[in-house]
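[1] got a structure for you, letters missing:
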């Protein structure tokens, strides 16, 4: 059995944008502190930077409390709201010696080997600029009795179907990814409105420079109530429409077409077909509302989803 140590980055820089994440931020940061790569590096070679943007809850207080035991955690506060605003701030403040910067959402749990696996994928694929983690929807992870909500279970099944159809392999999900310094430095996120930074980044980087890690994963809680599904779909559609209007020259990623959706529908058990039809109706309603809001010039509609938080 080999005793060789896994290759580690010279400097590990992790960025976490956070807006009113008091329910999740401590658990998320603890999952980073538990990373195999984090534990293997000395204090002077690692950092976590939290950018608290327009927080009105106790997010900042929680991060400050954790800083006393973990001085490698750095906190930046800004009154400007927006994940893209936070992303630009994190980019500018990341250690310049870091060959790559790792971004994770504040409401996920990072599987303990994920940073190591993302780094390994980057080093083994020099032509790749961004390696994305698998974003695993789960309700059973923390729920009492390990009972998975049927809507969340459907999300899990749909995500697996999208992956099987090859629709997720060259798309970045903002929940977790690593980006090379040379790619990071040439990207500046648009800061107006609540634009989806992961979709912008996917288009700006180009699919041929993005790969999905086979083993690196982050966990999040899929929506458990229909209204949160609607809110999630609405803000996604508004964001994509705004990006297409602003950057017509960029090819943004698409997911499943009608034929592929029909194939998924046919593969579902009878009970889950009903959920599929329900969620499809929600999707149609979100599309109609997005068109209505865009027609009125309202692009910044970003209502918070509550049922997706890992508590």
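    That came in fine, so what should we check first? None of these values were measured; they are calculated from a predicted model.
[2] and the strand ranked longest in the chain, what's buried?
    Secondary structure of the chain read by DSSP state E shows that its longest strand is strand 210-220. Neighbour-count burial for strand 210-220 flags 210-213, 216-220 (criterion: 16 or more other CB atoms under 10 Å). C-beta: built from backbone N, CA, C; applies to glycine.
[3] so after the worst-scoring helix or strand of the chain on mean pLDDT, what's the next helix or strand?
    Using mean pLDDT, DSSP states H and E, the weakest-scoring helix or strand in the chain turns out to be helix 150-164, at a mean of 63. Counting by DSSP states H and E, the next helix or strand C-terminal to helix 150-164 is strand 176-180.
[4] for that next one, packing partners?
    strand 100-104, helix 114-124, strand 130-137, helix 197-205 (3 or more CB pairs under 8 Å, 6 or more residues apart in numbering; DSSP states H and E).
[5] buried sites along whichever helix or strand comes after that strand?
    Heading C-terminal from strand 176-180, the first helix or strand you meet, by DSSP H and E, is helix 181-184. Across helix 181-184, burial judged by 16+ other CB under 10 Å covers 181, 183-184.
[6] could you do stretch 89-106 as well?
    For stretch 89-106, the neighbour count (16+ other CB under 10 Å) marks 89-91, 94-95, 98-106 as buried.
[7] where do the strands of the protein begin and end?
    Using DSSP E, strands in the chain cover 12-18, 46-53, 73-78, 100-104, 109-110, 130-137, 176-180, 210-220.
[8] which among these is found nearest to residue 258?
    The closest approach between residue 258 and any of these, judged by CB to CB, belongs to strand 130-137 at 22.8 Å.
[9] same for that closest one, what does it pack against?
    Using 3+ CB pairs under 8 Å, 6+ apart, strand 130-137 is in contact with helix 114-124, helix 150-164, strand 176-180, strand 210-220.
[10] which stretches of the stretch 151-300 of the chain have low pLDDT?
    Filtered on pLDDT under 70, the stretch 151-300 of the chain yields the residue ranges 151-169, 193, 254-256, 298-300.
[11] what about 80?
    151-171, 192-194, 222-224, 252-261, 264, 267-269, 271-272, 275-276, 295-300 (pLDDT under 80).
[12] I figured residue 71 hits residue 44, correct?
    No: Residue 71 is not in contact with residue 44 according to CB atoms under 8 Å; the separation is 10.7 Å.
[13] what's the longest helix belonging to the chain packed up against?
    Scanning the chain for the helix with the most residues, using DSSP state H, yields helix 270-295. For helix 270-295, the packing partners by 3+ CB pairs under 8 Å, 6+ apart come out as helix 150-164, helix 226-246, helix 258-267.
[14] show me which residues of that helix are buried.
    Buried, per 16+ other CB under 10 Å, within helix 270-295: 272, 275-276, 279, 282-283, 286, 289-290, 293-294.
[15] how about stretch 19-29?
    By 16+ other CB under 10 Å, the buried positions in stretch 19-29 come out as 19-29.
[16] how distant is that stretch from the center of its chain?
    14 Å (CA atoms, centre = their mean, to the nearest Å).
[17] pLDDT of it, averaged?
    For stretch 19-29, mean pLDDT rounds to 97.
[18] stretch 58-78 now?
    98.
[19] now do the spatially closest residue to residue 276 that is not a sequence neighbour: how many residues are near it, please.
    Closest residue to residue 276 apart from its sequence neighbours, by CB to CB, 6 or more residues apart in numbering: residue 265 at 5.4 Å. A total of 14 residues lie near residue 265 under the criterion other CB atoms under 10 Å.
[20] how close does residue 265 sit to residue 287?
    18 Å (CB to CB, to the nearest Å).
[21] ditto for residue 97
    45 Å.
[22] do the same with residue 115
    Taking CB to CB, one finds residue 115 at 37 Å from residue 287.
[23] before we move on, what about residue 293?
    In terms of CB to CB, residue 293 sits 11 Å off from residue 287.
[24] again with residue 104
    Counting by CB to CB, the gap from residue 104 to residue 287 is 30 Å.
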